[in-house]
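Enquirer: Build me a model from this:
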Amino acid sequence: MTEERGQKRNRSVMSGVLGRMYSFMGGGLFCAGVGNILLIISTATDYWMQYRQSNNYMHQGLWRYCVPGKCMTHTDSIAYWDATRAFMILSLLACFIGIVIGVMAFIRSSSFSGFDKTFAAGILFFISCFFVLLAMAVYTGVTVNYYGKRYGNWRFSWSYIMGWVAVVLTFFSGIFYMCAYRMHECPRNSNSR
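Expert: As a prediction, this is how the structure comes out:
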């Protein structure tokens, strides 16, 4: 009788742990999905910065700059644009691969042989966060030092802001997946003793 109660209690504890683990993984996937969409939009759009020159408002992104009525591709290979582009693309790739592995962990959470998919997804989300943080830091530093001295009337725009929001979302994706990993690891460690 007491053994049966113990087994029921263990099943109840395990189902509670799995429920919390799935909640963390679901939150991580949601943040990663929204973060990846924001990374794509931020990288592809032309509103990283707006400025005024000769009474005309202009804006630029990582790939093009626009004057009233016309957009042109950046033809110069300027190091900070290239670095920002590269870091944004690497961040997109890491986040996308993290989402794929995260979905695999979510669907088949009981088959953690070989490597732990939850842990791998969390690490990939942190790597994505690191790359987008580097991209934003490089762009911010150069833009403030260069355009801040050259143009009096300039500002960062919505594409740039989406990049910073993606930093936060990819970071929380990593946090959620690491919490899910800990939830998965705690019962495993207590059973091995």
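
Enquirer: where along this structure do the helices fall?
Expert: Ranges of helices in the chain, per DSSP state H, are 2-44, 79-107, 117-150, 158-191.

Enquirer: which parts of the shortest one are buried?
Expert: Going back to what we said before, that points to helix 79-107. For helix 79-107, the neighbour count (16 or more other CB atoms under 10 Å) marks 80-81, 83-85, 87-88, 90-99, 101-103, 105-106 as buried. Quick note: C-beta positions are derived from backbone N, CA and C, even for glycine.

Enquirer: Please tell me the pLDDT value assigned to the closest residue to Cys129 other than its chain neighbours.
Expert: Computed as CB to CB, 6 or more residues apart in numbering, the closest residue to Cys129 that is not its neighbour in sequence is Thr170, at 4.0 Å. Note on Thr170: pLDDT of 97.

Enquirer: change the start of the numbering to 24 and stick with it
Expert: I'll keep to 24 as the first residue from here, and by that count the last item is Thr193.

Enquirer: Could you give the number of residues near Thr193?
Expert: Neighbours of Thr193 under the rule other CB atoms under 10 Å: 32.

Enquirer: for the helices of the chain, which one sits closest to Met81?
Expert: helix 140-173 (11.2 Å; CB to CB).

Enquirer: Centre of the chain to stretch 96-114, how far?
Expert: Computed by CA atoms, centre = their mean, to the nearest Å, the chain-centroid distance of stretch 96-114 equals 18 Å.

Enquirer: can you tell me the average pLDDT over that stretch?
Expert: The average pLDDT within stretch 96-114 is 90.

Enquirer: Likewise for stretch 117-130?
Expert: Averaging pLDDT along stretch 117-130 gives 91.
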